[in-house]
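1. A structural model of the following input is requested.
(chains A and B)
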2 protein chains.
Amino acid sequence: MLQDFLSSVQTEVKSRIKDIIGESNPIEKSMAYTSMLPSKMVRAGLVIASGEANTNIDKSSLVNMACAIEMMHSYSLIHDDLPCMDDDDIRRNSPSNHVVFGEANAVLAGDALQALAFQVIAEDEKLDDGQKIKAIKLLSSACGKNGMVYGQHLDIENENNEHTTQLDLEQIHHLKTGRLIECSILMGQISSSINLDDQKKLELFSQKIGLAFQIKDDVLDIVGNIEKLGKNKLSDIKNDKSTYVKIVGLENAIERYESLTQDALLLLRNVSYDNDEQTDKLENLANYIINRES
Amino acid sequence: MLQDFLSSVQTEVKSRIKDIIGESNPIEKSMAYTSMLPSKMVRAGLVIASGEANTNIDKSSLVNMACAIEMMHSYSLIHDDLPCMDDDDIRRNSPSNHVVFGEANAVLAGDALQALAFQVIAEDEKLDDGQKIKAIKLLSSACGKNGMVYGQHLDIENENNEHTTQLDLEQIHHLKTGRLIECSILMGQISSSINLDDQKKLELFSQKIGLAFQIKDDVLDIVGNIEKLGKNKLSDIKNDKSTYVKIVGLENAIERYESLTQDALLLLRNVSYDNDEQTDKLENLANYIINRES
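-> Residues are numbered from 1 along each chain as shown, chains lettered A, B, ... in the order given. Sure thing, here's the model as predicted:
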């Protein structure tokens, strides 16, 4: 059932992203290449799962916001893979963007994906201006100098650093991955009438799920199958990064993401929505995040 | 008098950019480095000159939009200077961003400046949500895959291309430089009540001024003094780019930007504003653009 939900999200969001990007110039082709690679689209799923029980938000607007999040994620992958960053030649079982289109076009495709993420929200036809501004505030803050970009900086600094602690790594994960996951969930709520207390719970839920997602990723990086994972699992070892598993051990890492997920679900169950279906979808997605095998 | 206006714009906009960026982490330091280099801030001047006669827009909001434009411009300079792009080690008489902070941080600082440009508009305290969305639509469209980014792609393609025509080059200039200049002028009008016909004239004025600006830049690149220009004037020759002067000759290039400016000013004088002072400031700036010596 969750697989059906995610499959339909993937189909709908990919089709919309393809339309938005187009393919009439080489930059658009480069943008579309990475955006169209097979992926789980967990972030898009979170936007839609979080928002679809809100009757005052049109499904097409949720899809547009999901596109914005996924395009922002794609841009970060393209830039992270650059030779001057993580220097990864493989992304999702395919050659990385810069391998196919060259470094200059990879930088530019990433830049244009970021601009397009904001544009698709600003040009949405159903959201009102106040909702759009809420979404753009969330997105720009999550991705910028105190969010995703700073996380990537710290992640690079972390290479060859033997003194990275568990706390350091949780901060990196929170910034680099967690902030965009949190943003996905909160974007679904831009038109909801939940009270401040419930909103705080949802933020904490998002933060815990975001961290669990990344720790699970580190675990999969060690135990996962290279074909299933779709990226060179040796990349983190090659860069001699301190991964979560390396610092706390495999068993403690698994324990940590499981307990984070349990805490997160407890928070979620205490949020009062108009519609229980919403909690169910987010709960299923949270469980999927820790049970996935790739 | 125009110098006084531009000086006050520089002081005000730089001070605000410094506040917005902060300096608490290395990415912020890298962002601030390029944003704070001495510059004319013509784009910021255009936002403010275009908008300040509109009584229903607060000066602080014009400054925020000017910051957004200048930060977008700074991000494009940082990325354009990268080794995989134009490979320029000098920008505005100082070492380029990647020379000081390394390539990875330069890519990230550019990425964060783009996010911050959208954020500063979304978080403005005086604009209403409709005005903010108008500004964000203009900015995202001007900078993206059919605007500035595509222009930079074409500019790189233009290297080593002996068959570039005058028309090709005017398209590159329009996309790479003109779109952001046009955006600066139109942003000042997001709250104005000018009619569609006048808006069209203003768009055409902006496009012509944007192109004149870039052709003047090409001319200065040839005849300008390296100290005055503040960048390595040999860079375009080194990359063997077809510059405007190379294609049409110095005299024709000068004639072209002068006639573009005259056409632009004619359009501007036919726009009906509530306030003539506005036309004067824009006219002065247009004249400054073609008369500047650096």
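
2. for the helix or strand hosting A:Leu202, what is the average pLDDT?
-> Taking DSSP states H and E as the criterion, the element that holds A:Leu202 is helix A:196-223. With pLDDT averaged residue by residue, helix A:196-223 scores 90.

3. which helices and strands sit right next to it?
-> Helix A:196-223 is packed against helix A:166-173, helix A:179-187, helix A:244-248, helix A:250-269, helix A:276-291, with contacts defined by 3 or more CB pairs under 8 Å, 6 or more residues apart in numbering or on different chains; DSSP states H and E. Quick note: C-beta positions are derived from backbone N, CA and C, even for glycine.

4. A:Arg16 and A:Val63 touch, don't they?
-> Yes - the pair formed by A:Arg16 and A:Val63 meets the contact definition of CB atoms under 8 Å, at 5.3 Å.

5. Excluding chain neighbours, give the residue nearest to A:Phe101 in space.
-> Leaving out its chain neighbours, the residue that sits closest to A:Phe101 by CB to CB, 6 or more residues apart in numbering or on different chains is A:Ser30, at 4.3 Å.

6. what's near enough to touch the one you found?
-> A:Ser30 makes contacts with A:Asn97, A:Val100, A:Phe101, A:Asn105, A:Ala106, A:Leu108, A:Ala109, as judged by CB atoms under 8 Å, 6 or more residues apart in numbering or on different chains.

7. Ok, A:Gln10 next?
-> Taking CB under 8 Å, 6+ apart, we find A:Gln10 in contact with A:Ser39, A:Lys40, A:Met41, A:Ala44.

8. low-confidence ranges in the stretch 101-250 of chain A?
-> A:224-241 (pLDDT under 70).

9. The helix holding A:Leu202 vs helix A:166-173, what angle?
-> Orientation of helix A:196-223 against helix A:166-173 (axes from the mean of the first three to the mean of the last three CA atoms, to 10 degrees) gives an angle of 100 degrees.

10. for helix A:196-223, which positions count as buried?
-> Residues of helix A:196-223 classed as buried: A:198, A:201-202, A:205-221 (neighbour count, 16 or more other CB atoms under 10 Å in any protein chain shown).

11. Averaged pLDDT, stretch A:283-292. What do you get?
-> Per-residue scores along stretch A:283-292 average to 87.

12. With just CA atoms, put that stretch into CSV.
-> Coordinates of the C-alpha atoms in stretch A:283-292 are reproduced here as CSV (Å, rounded to 0.1, in the frame of the first residue of the first chain):
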residue,chain,number,x,y,z
GLU,A,283,3.7,7.0,10.0
ASN,A,284,3.9,4.6,7.2
LEU,A,285,6.6,6.7,5.5
ALA,A,286,8.5,7.0,8.7
ASN,A,287,8.5,3.2,9.1
TYR,A,288,9.5,2.8,5.5
ILE,A,289,12.5,5.1,6.0
ILE,A,290,14.0,2.8,8.7
ASN,A,291,13.0,-0.5,7.1
ARG,A,292,14.1,0.3,3.5
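
13. now that stretch, how far from the centre of its chain.
-> Taking CA atoms, centre = their mean, to the nearest Å, one finds stretch A:283-292 lying 14 Å from the centre of the chain it belongs to.

14. Other residues contacting it?
-> A:1-2, A:5-6, A:40, A:42, A:45-46, A:49, A:205, A:209, A:212-213, A:216, A:220, A:257-258, A:261, A:264-265, A:268-269.

15. ok now do A:Leu175, which residues does it touch?
-> In this structure, A:Leu175 makes contact with A:Asn146, A:Gly147, A:Met148, A:Tyr150, A:Gly151, A:Leu154, judged by CB under 8 Å, 6+ apart.

16. how far away is it from chain B?
-> For A:Leu175, the distance to chain B under the criterion CB to the nearest CB, to the nearest Å works out to 10 Å.

17. How about that residue: what's its closest non-neighbour residue?
-> Beyond its immediate neighbours in the sequence, the residue positioned closest to A:Leu175 (CB to CB, 6+ apart) is A:Gly151, lying 3.0 Å away.

18. Pretty sure the one you found sits against A:Arg179.
-> Yes - A:Gly151 is within contact range of A:Arg179, at 7.2 Å (criterion: CB under 8 Å).

19. Just say helix, strand or coil for A:Lys126.
-> With DSSP: H, G, I helix; E, B strand; the rest coil as the basis, the three-state label of A:Lys126 is coil.

20. Can you show me the helices along the stretch 51-200 of chain A?
-> Along the stretch 51-200 of chain A, the segments classed as helices by DSSP state H, counting those that start in this stretch run A:59-80, A:97-101, A:103-122, A:129-143, A:148-157, A:166-173, A:179-187, A:196-223.

21. quick one: contacts of the second one?
-> Residues outside helix A:97-101 that contact it (CB under 8 Å, 6+ apart) are A:26, A:29-30, A:33-34, A:77-78, A:81-83, A:89, A:91, A:105-106, A:109-110.

22. looking at the helices and strands packed on helix A:196-223, which is buried most?
-> Among these, ranked by average contacts under mean count of other CB atoms under 10 Å in any protein chain shown, first place goes to helix A:179-187 (a mean of 26).

23. Next up, the contacts around A:Lys132.
-> A:Lys132 neighbours (CB under 8 Å, 6+ apart): A:Ile121, A:Ala122, A:Asp124, B:Asp129, B:Ile133.

24. Which one (most neighbours) among those residues?
-> The member of these that has the most neighbours, counting by other CB atoms under 10 Å in any protein chain shown, is A:Ile121 with 30 neighbours.

25. my read: it touches A:Ala66, true?
-> No - taking contacts as CB under 8 Å, A:Ile121 lies outside contact range of A:Ala66: 10.7 Å.

26. one step back: A:Arg16 and A:Val63: which is more packed in?
-> Neighbours were tallied for A:Arg16 and for A:Val63 using other CB under 10 Å; the higher tally belongs to A:Val63 (22 against 18).

27. Can you tell me which of the contacts of A:Gln10 are buried?
-> Neighbour-count burial (16+ other CB under 10 Å) is assigned, among the contacts of A:Gln10, to A:Ser39, A:Met41, A:Ala44.

28. show me the contacts for A:Leu186.
-> For A:Leu186, the set of contacting residues under the criterion of CB under 8 Å, 6+ apart consists of A:Ser50, A:Leu138, A:Leu202, A:Glu203, A:Ser206.

29. tally of neighbours for the second one?
-> Using other CB under 10 Å, A:Leu138 is surrounded by 24 other residues.

30. Quick check: closest non-adjacent residue to it.
-> Computed as CB to CB, 6+ apart, the closest residue to A:Leu138 that is not its neighbour in sequence is A:Cys183, at 4.9 Å.

31. what about the one you found, distance to B:Val271?
-> If you measure A:Cys183 against B:Val271 using CB to CB, to the nearest Å, the figure is 41 Å.

32. A:Ser39 too?
-> Distance of A:Ser39 to B:Val271, computed by CB to CB: 49 Å.

33. Same check on A:Asn287?
-> Using CB to CB, one gets 60 Å for the distance from A:Asn287 to B:Val271.

34. nearest to B:Ile247, of the helices of the stretch 51-200 of chain A?
-> Ranking the helices of the stretch 51-200 of chain A by proximity to B:Ile247 (CB to CB) places helix A:103-122 first, at 22.7 Å.

35. roughly how far is the closest one from the heart of the chain?
-> Mean-position distance between helix A:103-122 and its chain equals 16 Å (CA atoms, centre = their mean).
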